[in-house]
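Q: Give me a model of this one.
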Amino acid sequence: MLDTEWPESWRSSFRIELRAEAIGLAWRGWPVLPGSYPGSAAGAAWERPVPAHDDWQQRLGAHPQQVAAWFTGKPYSLLVATGTMVDAIEVDDQLGRRAATLLRATGHPAPIVAMPNGRWLFLTTSATTVPSALAEHDDIQWHGEGSYVPLPPTPFEQGVVHWRVKPEVWGWRLPAAAAVHEVLVRALLGEAADAASGQPVVAAGSSAA
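A: Coordinates of the predicted model:
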């Protein structure tokens with residue numbers, strides 16, 4: 001959490017880290033955007049970050065130097081636009097842990113983001129559709145064209161967004177959307193089967209996914 005009571009040196013260091021992460025992602029071609037943050041004017045009734053600029057869709061693909069300028073002076077949240085080179089499937093903690101366990105079993109884990117609000121993001125290549133089991137589930141959200149997601153170390157009121165599995169694990173190559181979707185469906189159907197049988201759902205261990 002970006003606490004306003006932090007010493008200025010700490011808050012400055014946090015801004016520098018956010019800026020460095022944004023620039024690094026921009027150099028890799030990720031569609032980075034600055035977002036609102038707790039305590040910002042744009043973050044009134046703040047629950048999670050939104051783009052800091054209304055014309056954010058016209059700003060996609062900005063040069064890293066422009067990204068650096070955006071993140072100078074303010075602790076903007078770090079957002080990445082979805083629907084072009086990256087998509088994300090957002091799930092709750094329980095399904096996230098189960099899917100992460102299945103992905104580990106394949107030997108090819110996907111980049112996974114955990115948000116302080118108990119939600120997880122599974123990053124993939126962009127897709128035109130998702131399986132109906134995911135699309136029709138009330139608690140699962142597909143972030144595709146026209147959407148965006150926060151990346152570490154974006155601050156929330158409850159804490160800071162962090163990686164469960166870093167992109168370096170895949171050498172910064174995003175996994176195929178279909179492969180991750182399949183695992184998420186397996187995890188979802190497994191939970192449904194456990195619930196139907198009356199058996200408790202066993203989550204993954206407490207170690208990082």
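Q: ok, so what distance separates Ala127 from Val149?
A: 15 Å (Cβ to Cβ, to the nearest Å). For every residue, glycine as well, the C-beta is placed using N, CA and C.
Q: Between these two, which is the more surrounded one?
A: It is Val149, of Ala127 and Val149, that has more neighbours when counted by other Cβ atoms under 10 Å, with 26 against 18.
Q: Please state the offset of the strand or helix carrying the more buried one from the chain centre?
A: Taking DSSP states H and E as the criterion, Val149 maps to strand 148-150. Relative to its chain's centre, strand 148-150 lies at 6 Å (Cα atoms, centre = their mean, to the nearest Å).
Q: After it, which helix or strand is next? Please name it.
A: Using DSSP H and E, the helix or strand that directly follows strand 148-150 along the chain is strand 162-165.
Q: what lines up beside that following strand in the sheet?
A: strand 112-114 (antiparallel) (DSSP bridges).
Q: what bits of the chain have low per-residue confidence?
A: 1-12, 40-46, 191-209 (pLDDT under 70).
Q: For Val113, which residues are in contact?
A: Ala88, Trp120, Leu121, Leu123, Val149, Pro150, Leu151, Pro152, Val161, His162, Trp163, Arg164 (Cβ atoms under 8 Å, 6 or more residues apart in numbering).
Q: If we use 6 Å, what do you get?
A: Contacts for Val113 (Cβ atoms under 6 Å, 6 or more residues apart in numbering) come out as Leu121.
Q: Kindly state the beta-bridge partners for it.
A: Leu121, Trp163.
Q: Much appreciated, bye for now.
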